[in-house]
Structures are given as C-alpha cells and as structure tokens.
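**Student:** the sequence and its predicted three-dimensional model are supplied below.
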Amino acid sequence: MQEFLFILRNKIDESYVCKFDNMPKYMLLWSYWVDDLERSHRLVCTSTLLQSAVTLYNNKKIQYLPFVYEQEEVKGVVSGFLIIKAKDMLEAISIAERCPNMTYAGSSIEIRQMISYP
C-alpha cells in the first residue's frame, strides 16, 4: 500500500455558509466516512487546520497568509487534511470521491502521492 495526502479545500460562498448551518449532519457523515477508513486500516492520520498560516521563504522573508486564499480567482480555505493508504492513485481517487466534503459546490480534494526516503 502507498500513502496519499488529501488536502481538503472549501470555496467561500453560500454553500460554505450552508455547510455550517448543517454542521451536525455533516459531522455525522464525516465521522462515518473516517470510521470506515479506520476500520479498513486505510487512515494514517487526519486533522482540521486553523485558517491562518505563515510561509517562510529561503530568503528569510515571512508571509502571513489571511483566513482565505486566492487560487484561480476562487476564494476559499484549506479546511483539513488526511493521509490515507491505497494501492494506487485510482483507488485514492475512489476513496476521495466518497468524502462528505465533496457534496458541497466548490469543494475540492487535492491528492498527492507520498514517497518515503531511506
């Protein structure tokens, strides 16, 4: 099994506000999905992220990132991450497609294959 990083992003608009109105239902769906990953020994770790960040560049410049990020002219937030185990990228995509986060318009999951060094 290989490890994959899922980066969860949410677009900031009416659907995101709606998500907070339905938080108890969403959290129940989320816990079912994560529990299924744990039972199948696919979940390595997961966490929610605070919405502010700091980027340190090699020239020692520090950039403080605001609550929202701008990517391709879409405002949104990185809401969390998971590291999961899957046999290949296609299986990782299949797992990500079942994430409750994907039920909201403008949500996305960036999937990155992880490698380990000796």
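**Tutor:** Nice, I can see it. Residues are numbered from 1 along each chain as shown.

**Student:** where do the strands of the chain begin and end?
**Tutor:** Assigned by DSSP state E, the chain shows strands spanning 2-11, 43-48, 53-56, 62-65, 69-71, 74-86, 108-113.

**Student:** quick one: closest of these to E97.
**Tutor:** Relative to E97, the nearest member of the strands of the chain by CB to CB is strand 108-113, separated by 8.6 Å. Bear in mind the C-beta positions are built from the backbone N, C-alpha and C, glycine included.

**Student:** mean pLDDT per helix and strand in this structure: which one sits at the bottom?
**Tutor:** Between all helices and strands in the chain, the lowest mean by mean pLDDT, DSSP states H and E belongs to strand 69-71, at a mean of 49.

**Student:** what mean pLDDT does stretch 87-102 get?
**Tutor:** For stretch 87-102, mean pLDDT is 93.

**Student:** in it, what counts as buried?
**Tutor:** Within stretch 87-102, the residues that qualify as buried are E91, A92, I95, A96, C99, P100, N101, counting by 16 or more other CB atoms under 10 Å.

**Student:** and the second one, how far from Y117?
**Tutor:** Using CB to CB, to the nearest Å, A92 is found at 20 Å from Y117.

**Student:** now do the lengthiest helix in the chain: which elements does it pack against?
**Tutor:** Using DSSP state H, we find that the single longest helix of the chain is helix 23-39. Other helices and strands packing on helix 23-39, by 3 or more CB pairs under 8 Å, 6 or more residues apart in numbering; DSSP states H and E, are strand 43-48, strand 74-86.

**Student:** show me what contacts the closest residue to F4 other than its chain neighbours?
**Tutor:** Leaving aside its sequence neighbours, F4 sits nearest to A92 (CB to CB, 6 or more residues apart in numbering; 4.2 Å). Listed by CB atoms under 8 Å, 6 or more residues apart in numbering, the contact set of A92 reads F4, F6, I84, A86, I111, Q113.
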